[in-house]
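Asker: Here you go, sequence then predicted model.
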Amino acid sequence: MEEFISVQFCGSQRAVTRTNNVVLPLTGEDQVKDILNRINHSFPDLTLDERDITVSVNNEMSNLHHTLNANDTIAFLPHIGGG
Amino acid sequence: MEQIKSFSYESAPIKNGYTDQILRVDLGSLDISISELSPDFKNKYVGGRGYALKLIWDEATGDTHYDSPENVLVMASGPLGNEPRFPGSGKFIVGTISPLTDTFVDSNIGGHFAPLLKVAGFDALAVTGISEKEVVLVVDADSKKVEIIEAPVFDADSNEGALSYAEALLKALNDGELSENLAAVSAGIGAVNTRFGIINSLFYDKRRNRLRSKQAGRGGTGTVMRHKGLKAVVVLCGNAKIGDNHPADEEGVKKAGADLKKVVSQSDPKQLRLKSWGTPVLVEFMDKYHILPVNNYQYGQHPDAKDVFAEIFLERYFTEKVPDGCYKGCNLACAKGAERITLQYGPRAGATVGIDGPEYETAGAVTCMGIFDPQFIMEYNWYCDEYGLDTISMGVTTSFLMECFQRGFLTKEDVGYDLLWGDKNGAIKLLTETVYATDLGKICSQGVQRAKQWVAETYAARTGASLDDGIAQLNKFAMETKGLEFSMYISKESLAQQGGYGFALKGPQHDEAWLIFIDQVHKEIPTFQMKAEALKWFPLIRTWFNAVGLCKLPWIDVRHPAAAETENPAQNRPTLEYYVRYFNATTGSNKTLEGILEDSERLHLLQKLINLRHGKGTRESDRIPVRAMAPAFLNEYEARNEYYDEWVKEHANGRKIPEDQEARHALLVELRQEAYEKLCDVVYEAKGYTNNSIPLFETVEEMGLLDKQANALLKSFGVEKRLLAN
């Protein structure tokens, strides 16, 4: 049975992608980095650079080398330092 | 316009970012003079907050209150202000003894005022005394005159408003024209009637063809200004050139500014997008991580929060798509504005106005009242600016009174109407009453700390409960420390941010330390020691920004790509290198980042001494309400019971976990309070303080602050020079 993960878009990402989230099939041992590449390919205007983002998986901080499981929810968040 | 006093002066040229002059005005004696500053003064106190601290340390005493004639109202930029080649250089500091905290407070503010004041020949303006009449101070750089004039009277709305009064005034002083070469600060009628009055900084924006405004919001600086009888200050610089800071090394400034602008222009569009979205973009992220204040900080998330996400403001209000920086040359330009908004609520309903804002904090102040209406946020923003109220203190005090009403501490008879979460009409009614200090507004105008006392007395009189019991109950959710209302972040789940709020010398404002994300979300500082290091380092670097006349957002909210490879990415040191280069190129110094932090430590310590002198410096003053560290009531626990149950299980440390949820809640509160006390111990030690938060003799001596007053003060707290053991 095919398995999926979803990627949430927050803030200005949503304005670029015009959607709250996308659902992507999980292909074997996908890491977060693989998903980032697929997102950048699908939405080139997003220009997500790994140095500019932090990774959240299921609302917990994670990293680009985290191996994903079915039904995980990923978000690529900007750095926030506070005003 | 009736002139009361006129003073001619010789203009001092700007050299290496400084004029080395402070304009002194005593509104009691009507004396106007100039203080010349020695090199030692600027080397030691830098500028901005440093100058304000030193003047208040020397000229006020522990008996000085906000309304004392000797209280000094200081407006000061710093050596790095007034330089369009570097982003964010229009900032200045307003510092004084606060009506809310009864100790030193400062608030930073953008605009053209301080750069023009520097061009006119002054690094700072310091006002003392109390005028018998309402007056306006005019600094005219062209005629080299400083004048005190009787405050002109315009139409009724303008006389009460800060924005409209300043516009009428500037036009009256400049042949009916607005221009980029004049600027004003003003405070509205609400600043007269409350303890949390703000100062507006107004400047002409030719793109929008109107005056725009920024605010020194925290701590009641506008209240002090109006109490002194000062309705506005105007700087006119018709012939002078803004933005010429005469640095020691022109090329160095140019290069440092270009490097920072490059990072901002390349990275901001890939990160927060502050340039196009402004700070309201934070609403969504705060909501996502339970940090957005809802219903007086009970909850950090709400399903309706999406109605006030940044894109709503972008689509409906920020329609002009023009760069809205608060000073020339800033390519982050995060301030946002809206044109032709027709007010639907409050006393000016039907009027069409331009609105500057909202910032995230203002949106948070409104969600704190349980309101999720973008139009209401815009209008709340405008009313607070026009009438001169701090959006944060107003929102938090309203939220507190709403909760008092809904938990039965107040009745409809006490309030005069229902005060319920999400009630826009109730909220705007209370705002209007607060502006004029009538009905419940008379209580609200005093801020949370003083309102708490009145609520407890009212409750005790009605129910026969003891006053102490009432205060103890209210202390759980009265969101103030040292007398200042919390800014708009839920700190319950971040011990480091609890410290960031509790230890902040001015009271719980996040500009000393904003550690929520690196602590709660990124989990980068898990140990007490790491939290203590962050709670020492961040306040120092943030203090520096407030001393030199710069905005900190290009550093703190735009991460340099190279920061990822550094030991502590959150410190964003690659960007700080540009700031150090800029400082050295402007002032002709040769400082390192460590040297800059040492300067900041001196200022931070001086502020600590002032707090001690004013009874706000000990461990007791760093205590925070229960709700700042845990769910104050069971309903808050229940809203996230799975999360809290898990948290208790992880942190119980051998203690038996109760079956009963109420008991688990009590245990959670106990554990959080213990953790906060432990944090106090570790942080005080890291800062060189006793466990009662008193700086050690050696700490003060090392910073060159051990004058007669400091010596006596430390002695009064039992701190003396330790004799070295053999």
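Answerer: Structure received. Predicted model only: the values in this text are computed from it and were never measured.

Asker: Going by C-alpha atoms from here, please, whenever you check contacts or count neighbours.
Answerer: OK.

Asker: what does the stretch 151-300 of chain B put close to chain A?
Answerer: For the stretch 151-300 of chain B, the residues found near chain A under the criterion C-alpha under 8 Å from any C-alpha of the partner chain are B:Ser267, B:Lys270, B:Gln271, B:Leu272, B:Arg273, B:Trp277, B:Val281, B:Glu284, B:Phe285, B:Tyr289.

Asker: could you redo the last one with a cut-off of 7 Å?
Answerer: Applying the criterion C-alpha under 7 Å from any C-alpha of the partner chain, the portion of the stretch 151-300 of chain B that neighbours chain A consists of B:Lys270, B:Gln271, B:Leu272, B:Val281, B:Glu284.

Asker: Dump the residues you listed to TSV, plus pLDDT and secondary structure.
Answerer: Conversion of these to TSV gives the following (pLDDT from 0 to 100; DSSP: H, G, I helix; E, B strand; the rest coil):
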residue	pLDDT	secondary structure
B:Lys270	89	helix
B:Gln271	91	coil
B:Leu272	92	coil
B:Val281	95	helix
B:Glu284	96	helix
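
Asker: what would those look like in a markdown table with neighbour count?
Answerer: Compiled in a markdown table, these are given as follows (neighbours: other C-alpha atoms under 10 Å in any protein chain shown):
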| residue | neighbour count |
| --- | --- |
| B:Lys270 | 21 |
| B:Gln271 | 26 |
| B:Leu272 | 26 |
| B:Val281 | 24 |
| B:Glu284 | 21 |
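
Asker: B:His560: which of those is nearest?
Answerer: B:His560 lies nearest to B:Gln271 out of these, by C-alpha to C-alpha, at 10.4 Å.

Asker: ok so, going back, state the pair within the residues of the stretch 151-300 of chain B next to chain A that is farthest apart.
Answerer: Taking C-alpha to C-alpha, no two of those sit farther apart than B:Lys270 and B:Glu284, at 16.7 Å.

Asker: and residue 34, how many neighbours?
Answerer: In the absence of a named chain, this looks at chain A. When neighbours are counted by other C-alpha atoms under 10 Å in any protein chain shown, A:Asp34 registers 16.

Asker: that's the wrong chain, I meant chain B
Answerer: The burial metric for B:Ile34, expressed as a neighbour count using other C-alpha under 10 Å, is 16.

Asker: Quick one: name whatever helix or strand follows the lowest-mean-pLDDT helix or strand in chain A.
Answerer: Taking mean pLDDT, DSSP states H and E as the measure, the helix or strand of chain A with the lowest value is strand A:60-62, at a mean of 88. Next helix or strand after strand A:60-62 toward the C-terminus (DSSP states H and E): strand A:73-78.

Asker: List the strands paired with that following strand, with their directions.
Answerer: Strand pairing for strand A:73-78, using DSSP bridges, gives strand A:4-8 (parallel), strand A:53-57 (antiparallel).

Asker: distance between stretch A:1-20 and the chain's centre?
Answerer: Relative to its parent chain, stretch A:1-20 has a centroid offset of 7 Å by C-alpha atoms, centre = their mean, to the nearest Å.

Asker: can you pull the buried residues of that stretch?
Answerer: If you call a residue buried by 16 or more other C-alpha atoms under 10 Å in any protein chain shown, then stretch A:1-20 has these buried ones: A:Phe4, A:Ile5, A:Ser6, A:Val7, A:Gln8, A:Phe9, A:Cys10, A:Gly11, A:Ser12, A:Gln13, A:Thr17.

Asker: ok, those vs B:Arg218, which is closest?
Answerer: So of the buried residues of stretch A:1-20, ranked by how close each gets to B:Arg218 (C-alpha to C-alpha), first place is A:Gly11, at 27.8 Å.

Asker: Report the contact partners of the closest one.
Answerer: If you count contacts by C-alpha atoms under 7 Å, 6 or more residues apart in numbering or on different chains, A:Gly11 has them with B:Val281, B:Glu284.

Asker: how about 6 Å then?
Answerer: Applying C-alpha atoms under 6 Å, 6 or more residues apart in numbering or on different chains, we find A:Gly11 in contact with no residue.

Asker: confidence score at residue 3?
Answerer: Using chain A. In the predicted model, A:Glu3 carries a pLDDT score of 93.

Asker: try chain B instead
Answerer: With respect to pLDDT, B:Gln3 has a value of 97.

Asker: Where is the longest helix in the chain?
Answerer: If you meant another chain, say so; for now it's chain A. helix A:32-42 (DSSP state H).

Asker: I was after chain B.
Answerer: In chain B, ranked by residue count with DSSP H as the criterion, the top helix is helix B:661-687.

Asker: Within range of chain B, give me the residues from chain A.
Answerer: Chain A comes close to chain B at residues A:Arg51, A:Met61, A:Pro78, A:Ile80, A:Gly81, A:Gly82, as judged by C-alpha under 6 Å from any C-alpha of the partner chain.

Asker: Tell me how many other residues crowd the second one.
Answerer: Using other C-alpha under 10 Å, A:Met61 has 17 other residues around it.

Asker: What's the first helix or strand after the longest helix of chain B?
Answerer: Remark: after helix B:661-687, the chain's next helix or strand is helix B:697-702, criterion DSSP H and E.

Asker: which other residues reach that next one?
Answerer: Outside of helix B:697-702, the residues that reach it under the criterion C-alpha under 6 Å, 6+ apart are B:Leu706, B:Glu720, B:Lys721.

Asker: one more time with 8 Å
Answerer: Contacting residues not belonging to helix B:697-702 are listed as B:Leu605, B:Gly688, B:Tyr689, B:Leu706, B:Leu714, B:Val719, B:Glu720, B:Lys721, B:Arg722 [C-alpha atoms under 8 Å, 6 or more residues apart in numbering or on different chains].

Asker: Go ahead and build a PyMOL selection from the buried members of these.
Answerer: This is the PyMOL syntax for the buried subset of the contacts of helix B:697-702, where burial follows 16+ other C-alpha under 10 Å:
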select buried, chain B and resi 605+688+689+706+714+719
